[in-house]
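Undergrad: Structure for the following, please:
(one chain, ligands or ions: 2)
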Amino acid sequence: MGPPGAGKGTQAPRLSDHLKAPHVSTGDMLRAEVAAASDLGLKARTFMDAGDLVPDHVMIGMIVSRLQADDASEGIILDGFPRTVAQAVALDEALYDAGGSIDLAISIDVDREVLVNRLAGRATCKGCKTPYHLTYSPPATAGECDKCGGELEQREDDQPEAVKNRLQVFDKQTAPVLDYYRGRKKLITVDGAGSPDGVFESLVSATSP
Ligand code: AP5
Ligand code: MG
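TA: Residues are numbered from 1 along each chain as shown. Ligands and ions are numbered 1, 2, ... in the order given. Got it, this is the predicted structure:
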């Protein structure tokens, strides 16, 4: 968990490799629906471009069905879900029904000014979705993904107005989810201000038993 630009999409794939559990990003799932111009994608796009949240019932349905896939049986790394208390409650209920529970909620904490700079310079691979930063972590060849050679693109919701709204939406709707997990003794907070490697080291040591 963390505000836009905190590094969820940078760290979750690393944690996924480390823990051998699939990375499930609701933002990536929604962007795939938008790219496919599906009914869900067409409906979600208006919310996403403005930086608003897609309605809870859509997101809960999406995650509940993802949890039923074979590769989720040993656990998953969620990125970008839950981001309302209603989503957190629905997730707990779905896991309880399946005989499981959340292990840990990880909050990546970064100053606002840094977040805005990160989002302004972000470029993402169209193919494998690896995030780059044009100044802090550029690809070896301009405009080309190091991992798959895919083309890099900037996200529609990284425009300044949408970023401003996404930060406000985080404060209003997602910060209470941090309190939800804190109250259940499931929350750890990691400083997301260092280098991507440094943040990953903190994540691994904070999540190791
Ligand atoms: P989503 O895709 O989840 O976007 P977000 O939460 O706004 O977060 P970002 O993906 O922008 O940031 P990130 O934390 O992943 O940062 P990243 O690693 O890329 O959601 C998009 C939209 O979908 C929402 O607005 C909403 O409309 C909808 N949605 C999704 N889930 C939903 C849900 N559950 N309910 C309702 N609606 C939902 O890093 C950012 C940049 O910083 C990159 O350039 C990266 O290279 C750079 N960077 C990262 N770490 C570092 C570092 N340590 N040092 C220097 N640079 C760094
Ligand atoms: Mg992301």
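
Undergrad: near ligand 1, which residues of the protein?
TA: 2, 4-10, 26-27, 30, 47-48, 51-54, 59, 80-81, 83, 87, 118, 121-122, 131-133, 136-137, 157, 166, 192, 194-196, 199 (Cβ under 6 Å from any ligand atom). Placement of C-beta: from N, CA and C, glycine included.

Undergrad: Quick one: buried ones out of these?
TA: Among these, the ones that count as buried by 16 or more other Cβ atoms under 10 Å are 2, 4-10, 26-27, 30, 47-48, 51-54, 59, 80-81, 83, 87, 118, 121-122, 131-133, 137, 157, 166, 192, 196, 199.

Undergrad: hang on, the earlier thing: overlap between the residues of the chain next to ligand 1 and the residues near ligand 2?
TA: Near ligand 2, judged by Cβ under 5 Å from the ion, the entries from these are 8-9.

Undergrad: For the helix or strand hosting residue 176, name the packing helices and strands.
TA: Using DSSP states H and E, residue 176 maps to helix 175-183. Judged by 3 or more Cβ pairs under 8 Å, 6 or more residues apart in numbering; DSSP states H and E, the packing partners of helix 175-183 are helix 85-97, strand 105-109.

Undergrad: ranking these by burial, who's on top?
TA: Of all the helices and strands packed on helix 175-183, strand 105-109 has the most neighbours on average by mean count of other Cβ atoms under 10 Å, namely a mean of 19.

Undergrad: Figure out how far the helix or strand that it is followed by is from the centre of its chain.
TA: Heading C-terminal from strand 105-109, the first helix or strand you meet, by DSSP H and E, is helix 112-120. From the chain centre to the centre of helix 112-120 is a distance of 16 Å (Cα atoms, centre = their mean, to the nearest Å).

Undergrad: May I have the strands that pair with whichever helix or strand comes after helix 112-120, each with its orientation?
TA: Moving toward the C-terminus from helix 112-120, the next helix or strand (DSSP H and E) is strand 122-125. Strand 122-125 has the following strand partners under DSSP bridges: strand 131-133 (antiparallel), strand 152-153 (antiparallel).
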